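S.K.: Sequence first, predicted coordinates after that:
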Amino acid sequence: MSNKVIHAIYNDDDILMNAVKKTRAAHHHIEEVFSPFPVHGLDKAMGIAPTRLAICAFLYGCVGISVATAMMNFIMIQDWPQDIGGKPSFSYIQNMPAFVPIMFEMTVFFAAHLMVITFYMRSRLWPFKEAENPDVRTTDDHFLMEVAVNENEEELVSFFQGTGAVEVKVIEKH
């Protein structure tokens, strides 16, 4: 079974946005868009669902504040209580105002570091992974839209030439 895709290359982000909107209106499936810089509104124009990574960040922050609370309660109250600055160490609640900066920092630490790991795993960016960039010009000054071909190759080529593409290629994807 052949997996053919069309690579439509554009040299302007406004032309790309119009082409994406026309492609979606014509009900063609856009596989991916490669861009040298983030294009505002491209995700909405492509119909990509909003990310759920913010939920992960909140959960990782909750884990961070829980670890900080448990750590400070064990270290400063149960294991080795000390009288620092005249503050009694009978309970965690009495000393919590002094622990707020530590709780904040651990929340941010856990959320930031675990989000980086989650982002790399979700994006499948492993060490020594080969680049998936189909055209080197997309890292400099061109934009590439990859669209699946379903027995309508000639129709799609003429469609993308009409959308302002600088170059249209049919590629066998493996």
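M.R.: Ah, there it is.
S.K.: Excluding sequence neighbours, find me the nearest residue to the residue nearest to the spatial centre of the chain.
M.R.: The residue at the geometric middle of the chain, judged as the C-alpha nearest the mean C-alpha position with Cα atoms, centre = their mean, is Phe119 (6.1 Å). In space, and not counting its chain neighbours, Phe119 is closest to Leu53: 7.0 Å by Cβ to Cβ, 6 or more residues apart in numbering. All C-beta atoms are positioned from the backbone trio N, CA, C, and that covers glycine.
S.K.: can you pull the contacts of the one you found?
M.R.: With Cβ atoms under 8 Å, 6 or more residues apart in numbering as the criterion, the residues that contact Leu53 are Met115, Thr118, Phe119, Arg122.
S.K.: Just the buried residues of the helix or strand encompassing Glu155, please?
M.R.: Glu155 belongs to helix 153-162 when elements are defined using DSSP states H and E. Of the residues in helix 153-162, those with enough neighbours to count as buried (16 or more other Cβ atoms under 10 Å) are Leu156, Val157, Phe159, Phe160.
S.K.: For Ala131, see how far away Thr139 is.
M.R.: Applying Cβ to Cβ, to the nearest Å, one obtains 9 Å for the distance of Thr139 from Ala131.
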